[in-house]
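Trainee: quick one: sequence and predicted model below, then my questions.
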Amino acid sequence: MATSERVHKLKLLIGGLEEPAGREYLSAPALSCGIPRGSIIELLGPYRTEWLAQFLKLHPEFRTFWAEREQHILPTALYQRGLDLTKITFGTLGEDLILPLRRVLQSQLYQIVIAPQKFTEIRILKAFQLFTEKSNSVLFLMGDKAPSQAWPISMQLEIKKSPNSQFQIDILRQKHGTNLS
Amino acid sequence: MKVVCLWFPKEIQMIKLAEVCLRFSPQICFRGNQALFIEYGKCKKIYSEETFFARLQVVLKRMKLTASMAQGQDIPDTLVLAKYQKRSLDALPLLALIELADPFNKDLIAQKYIQKMISAFSDLGINTIGQFKKIPVAELISRFGPIAILCMQRTKGEMTLPWPAWKPEEEVFEKSNFPYFEFYGELEPILFELKKQLDLIFQRLWARALKAQTLRIRIYCETNSLNPSPFREFNFDFLFPQGQTKGALNVIKERLSKEFEKKPIKTPIEGVETRVTRTVPGVMGQKNLLHNREEIAEQLHSLLNQLTEAHGKDNIFHAEMTEDRRPEKSWKRSDKPTISSLGKLEGRVPLRPTHLIRPEKIEVTAGFIHIRKKAYKIMNWSESVERITGGWINSPTSEKNTYDRNYYQAELETGMIITVFQTPNQQFYLHGYFG
């Protein structure tokens, strides 16, 4: 268990933090606390896509919009990992990511939205956070550098693999409490 | 019945011609885009035969079309006479049996049998319809079955073909004129007007259980020396057929705002016209009270239409698996979600990397991989090799389209696992990575 998660649990035990009520958590591989719905999650680390594929496999009922600047994700790889490709819409959006992502989130039709983390403006991330909250969806931002400091991001996960090929997840930020259910 | 057949050596836009010919007779039908049939016998009180043919010639001249014509009592006869440009059926080659038996080109199985029959008769020296007619019917049945009887009946004119019904497609369109209220190229008033028009159009379509697949909008504006064209035309071919104003209007707004930004309208706008140019069957009935799947599908289609309009059809897609072993060709883009018929790939295809890049030339030396002039230590090099080869069957003489690759996986010191392939000339390329 990551240090931040242990500290968070201890804080909850001594009553230092109040557990937010009503938030739904989605089960996730190697992450006992789950993924909170209606929030922005930043994924970092060399195995973030593999982990995300496992996460999507756990939730086959969800519609997913996978946005990229250029097409790099290999759908065959997702198919091999047990994902239902009929549930995934791919978008190669180039530099203009904000408007289409906003449309997708506003439509409330996709429960999972995946996009590269190229947003630095708080204003934009705040808008995304409001839309994800309203649509009760999860926006995964695939970061490839240092974790973002932007406050609208609820959770930051660094995903690696341990020597025994299990996912090893460090929770770098967790703003919405822990799922104790 | 008096029928005239117009045979066009090349395919034409037959519906346009058929609509023009409706002035002669309401009884019209056609075979694909090459033959048009008009029944003109019942209209003899309106015009004489000579006038009819003279008018028909004028229509063809105006439309810049040339056709061979034949008149007769039935569709099959006129078709073959017009096509082969002969005066009598007896002089026609035996190949004309195909058109005689299947004048609307719909029964491909029957055509196959007739083709076999023709080749059998050709071997026996029977080459014309005249010779075919002399064969006793009893002998035909025993050798070629009922299809031969059908051919014989058609050649002798013993069987009348029912006339297939055709009527021009109903056009759904709305037009508003602005004779007094003049405004220039602002988008908002146009969208306001378009919304009203689309509301009416979609109501009419809904009543007919139809959806709009293609739509044409014309914005009429005053002409001057800078703007010689009387209208600006915008054609919309939706990715998914539209049944609601909201979805269609969003797509239209997207296009118009782009176009107005690029090329603004600088003269007063006189009118706006919306026309549905193609429809597809939709769903008619009461709203389902137990679920809202149709509504969600409609919203999803509307969103995808909008995204496609903004980013292009190639950039918003679903993925469909293919049989090709090459990673880059192992899937293809598809407009609609398609359930794969490939089944599980486990055990047949090695696990593919999650990310695929354009092949990038790298160098592999003892224990190191050099990517963009940077050396990475190889921690692990896969023992198994996947050999993908092909393309030679399509171009046996040229090497242009052939491929021959040996795929390996390598784990780098950074922990990343990459996929590289080696070509027959010992070059290494980076093709993807896991993660």
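Mentor: Yep, it's here. Residues are numbered from 1 along each chain as shown, chains lettered A, B, ... in the order given.
Trainee: give me the mean pLDDT for the biggest helix by length in chain A.
Mentor: When secondary structure is assigned using DSSP state H, the longest helix within chain A turns out to be helix A:122-135. Across helix A:122-135, pLDDT averages out at 93.
Trainee: CA-only coordinates of it in CSV, if you can.
Mentor: The C-alpha atoms that make up helix A:122-135 are tabulated as CSV, following Å, rounded to 0.1, in the frame of the first residue of the first chain:
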residue,chain,number,x,y,z
ILE,A,122,-6.7,25.4,-14.6
ARG,A,123,-9.8,26.9,-16.2
ILE,A,124,-10.0,24.1,-18.8
LEU,A,125,-9.4,21.3,-16.2
LYS,A,126,-12.0,22.9,-14.0
ALA,A,127,-14.5,22.8,-16.8
PHE,A,128,-13.7,19.1,-17.4
GLN,A,129,-14.1,18.4,-13.7
LEU,A,130,-17.5,20.0,-13.7
PHE,A,131,-18.6,18.0,-16.8
THR,A,132,-17.3,14.7,-15.5
GLU,A,133,-19.0,15.3,-12.2
LYS,A,134,-22.3,16.1,-13.9
SER,A,135,-22.1,13.1,-16.2
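Trainee: show me what contacts B:L351?
Mentor: Residues in contact with B:L351 (Cβ atoms under 8 Å, 6 or more residues apart in numbering or on different chains) are A:77, A:80. Placement of C-beta: from N, CA and C, glycine included.
Trainee: confidence score at it?
Mentor: The model reports B:L351 with a pLDDT of 89.
Trainee: so it sits in a helix?
Mentor: No. Following the definition DSSP: H, G, I helix; E, B strand; the rest coil, B:L351 is coil and is not counted among the residues of a helix.
Trainee: next, the closest residue to B:N33 other than its chain neighbours: secondary structure please.
Mentor: Leaving aside its sequence neighbours, B:N33 sits nearest to B:E11 (Cβ to Cβ, 6 or more residues apart in numbering or on different chains; 4.0 Å). In terms of secondary structure, B:E11 is coil; the call rests on three-state DSSP.
Trainee: before we move on, back to that, now the longest helix of chain A: buried residues?
Mentor: Judged by neighbour count (16 or more other Cβ atoms under 10 Å in any protein chain shown), helix A:122-135 contains these buried residues: A:124-125, A:127-129, A:131-133, A:135.
Trainee: quick one: list the elements packing against that helix.
Mentor: Counting contacts by 3 or more Cβ pairs under 8 Å, 6 or more residues apart in numbering or on different chains; DSSP states H and E, helix A:122-135 is packed against strand A:39-44, helix A:98-107, strand A:138-142, strand A:153-161.
Trainee: please report how far B:P164 lies from B:K83.
Mentor: Taken as Cβ to Cβ, to the nearest Å, the spacing of B:P164 relative to B:K83 amounts to 18 Å.
Trainee: neighbour count winner among those two?
Mentor: Neighbours of B:P164 and B:K83, each counted by other Cβ atoms under 10 Å in any protein chain shown, are more numerous for B:K83; the result is 21 against 14.
Trainee: that one belongs to a helix?
Mentor: Yes. Applying three-state DSSP, one finds B:K83 inside a helix.
Trainee: what's the neighbour count on the residue nearest to it when sequence neighbours are not counted?
Mentor: Nearest in space to B:K83, with sequence neighbours left out and distances taken as Cβ to Cβ, 6+ apart, is B:W7 at 4.9 Å. Using other Cβ under 10 Å, the number of residues around B:W7 comes to 20.
Trainee: quick one, what contacts B:W7?
Mentor: With contact taken as Cβ under 8 Å, 6+ apart, B:W7 is in contact with B:34-35, B:67-70, B:79, B:82-83.
Trainee: surely B:H431 is within a helix?
Mentor: No. Secondary structure assignment (three-state DSSP) places B:H431 in strand, not in a helix.
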